[in-house]
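1. Got a sequence here, can you build the structure:
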Amino acid sequence: MLFSMAAIALVYSLSGCGNNAQNQQQEEAVDTTNTLVDITALTKIADTTLTDKKINVLVKDSLTSKNETIYIQVTDQDGSPATDVQLDYDVVMDMGMMSHGGPYYPVMDMGNGLFKAEVVFIMANMKDMGKGWILNAVLNKTDSLSFLLPVSEAKYARTIPVGTKDDGRVFVSLLLPNEVKTGSQPIDFTLHKMEHEAFPPLDNYTVEIEPFMPDMGHGSPDNKAAVGKGSGRYSGIVNFTMKGPWTIKVNLFKKGEKVSQEELVFPVEVK
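-> Residues are numbered from 1 along each chain as shown. You can find the predicted model right below:
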C-alpha cells in the first residue's frame, strides 16, 4: 500500500483529501511517443511544496474519461530540475461509500525531474459522490502525496467496457483524437482486464476495426486490424476517405474467434 509511509502530505487541487489504493504496476514502462515534452505548453492542475522540493502535476489540456497522460514535475525550491528523484504512484476513484482503482502504466522517468504517468480513467468524476479520481504518489520512498484530479466526461467515447468469452470485463481504449485528418493513419488501442481491484494490461488479442460513414452509408478500403505490441497495446491502420462524421466499429478476436460479447462503436470527426 502506498500510504504506509510515515510522512503524508494532503494536496488539494479541488477539495478534500486522498485515499488508499493498491499499486498494480507490473509491466515495464513503454514510451509510445518518443518525443520531447514542452513543459511550457502544459497546464498545471495541482501542485504542492515540501521542505526542499516543489511538485507540479501537469496535463496537455484537461483530463477526461479516456486514456490520458499526466506529467509530474519535481524541482528544487529555486525551480531547478530535481536530481536523484524516485517516484511511484497509483490512482483510485473515491465514490464516497466505495472506491476502486483503474488501469495505469508504470511511471516513466523522463529525466530532469520530469515523470510521465499514463492512466485510463474508466469513468468521469461524479457530482456529490465522493472526491473523484485521486493520484497517490510517493517521492523518494518517504513523502506520500495525494492529488485530486479533475476528470470530466469525454466528448466522444474513448474508453468502453465490453464482456469477453475468457477474460470477463475488458476496457477497450481508443487513442485516436476526437478530430483527425482524411487519409490512412495509425490507430492505437489499449486493453485492460478488470481483475478484482487490479486492471492488468491484456495481450494476445486482435482488435478488428470497421470504419463507417453513417451519413454516406459506406466504409473505406485498406484498413488493418490492430495487433498486439505488448503491455496491452495494439496498433493498426485506419483509412478515412472523406471529411465528415465517422464511426469505428470494434470487435475483439482471440485465436481467430470473436470473443467480445457486443460490438463497440467509437465516433470520430474527420476534418
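
2. This protein - how does it break down into domains?
-> Domain assignment for the chain by automatic domain parsing gives 2-152, 159-270.

3. hey, least reliable of those domains by pLDDT?
-> For these, the weakest mean pLDDT is recorded on domain 2-152, namely a mean of 83.

4. How far off centre is the strand or helix carrying residue 208?
-> Following DSSP states H and E, the helix or strand that holds residue 208 is strand 206-212. In terms of CA atoms, centre = their mean, to the nearest Å, the centre of strand 206-212 is found 21 Å from the chain centre.

5. Please apply the same query to stretch 208-220.
-> Worked out by CA atoms, centre = their mean, stretch 208-220 lies 27 Å from the chain centre.

6. Then stretch 54-68?
-> That offset, for stretch 54-68, works out to 10 Å (CA atoms, centre = their mean).

7. that older thread, using CSV, write out every CA atom in the strand holding residue 208.
-> The C-alpha trace of strand 206-212 is given here as CSV (Å, rounded to 0.1, in the frame of the first residue of the first chain):
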residue,chain,number,x,y,z
THR,A,206,-6.6,-8.8,-32.3
VAL,A,207,-8.7,-5.6,-32.4
GLU,A,208,-10.8,-5.8,-35.6
ILE,A,209,-11.9,-2.4,-36.9
GLU,A,210,-14.5,-1.3,-39.4
PRO,A,211,-14.7,2.5,-40.2
PHE,A,212,-18.1,3.6,-41.4
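
8. helices or strands up against that strand?
-> Applying 3 or more CB pairs under 8 Å, 6 or more residues apart in numbering; DSSP states H and E, one finds that strand 206-212 contacts strand 183-193, strand 224-230, strand 233-240, strand 244-254. (Each C-beta comes from the backbone N, C-alpha and C, glycine too.)

9. can you list contacts of it?
-> Residues outside strand 206-212 that contact it (CB atoms under 8 Å, 6 or more residues apart in numbering) are 172, 187, 189, 191, 218-220, 223, 225-228, 234, 236, 238-240, 246-254, 258, 268.

10. Repeat that for stretch 161-174.
-> 66-67, 103, 120, 122, 158-160, 187-195, 199, 202, 207, 248, 250, 252, 254, 257, 259-262, 264, 266.

11. Make a ChimeraX selection of whichever of these turn out to be buried.
-> Per 16 or more other CB atoms under 10 Å, the buried members of the contacts of stretch 161-174 correspond to this ChimeraX selection:
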select :66,67,103,120,122,158,159,160,187,188,189,190,191,192,193,194,199,202,207,248,250,252,254,259,260,264,266
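
12. between the strand holding residue 208 and strand 183-193, how big is the angle?
-> On the basis of axes from the mean of the first three to the mean of the last three CA atoms, to 10 degrees, strand 206-212 is oriented at 140 degrees to strand 183-193.

13. Strand 206-212 pairs with which strands, and in what direction?
-> Here strand 206-212 is paired, per DSSP bridges, with strand 224-230 (antiparallel), strand 244-254 (antiparallel).
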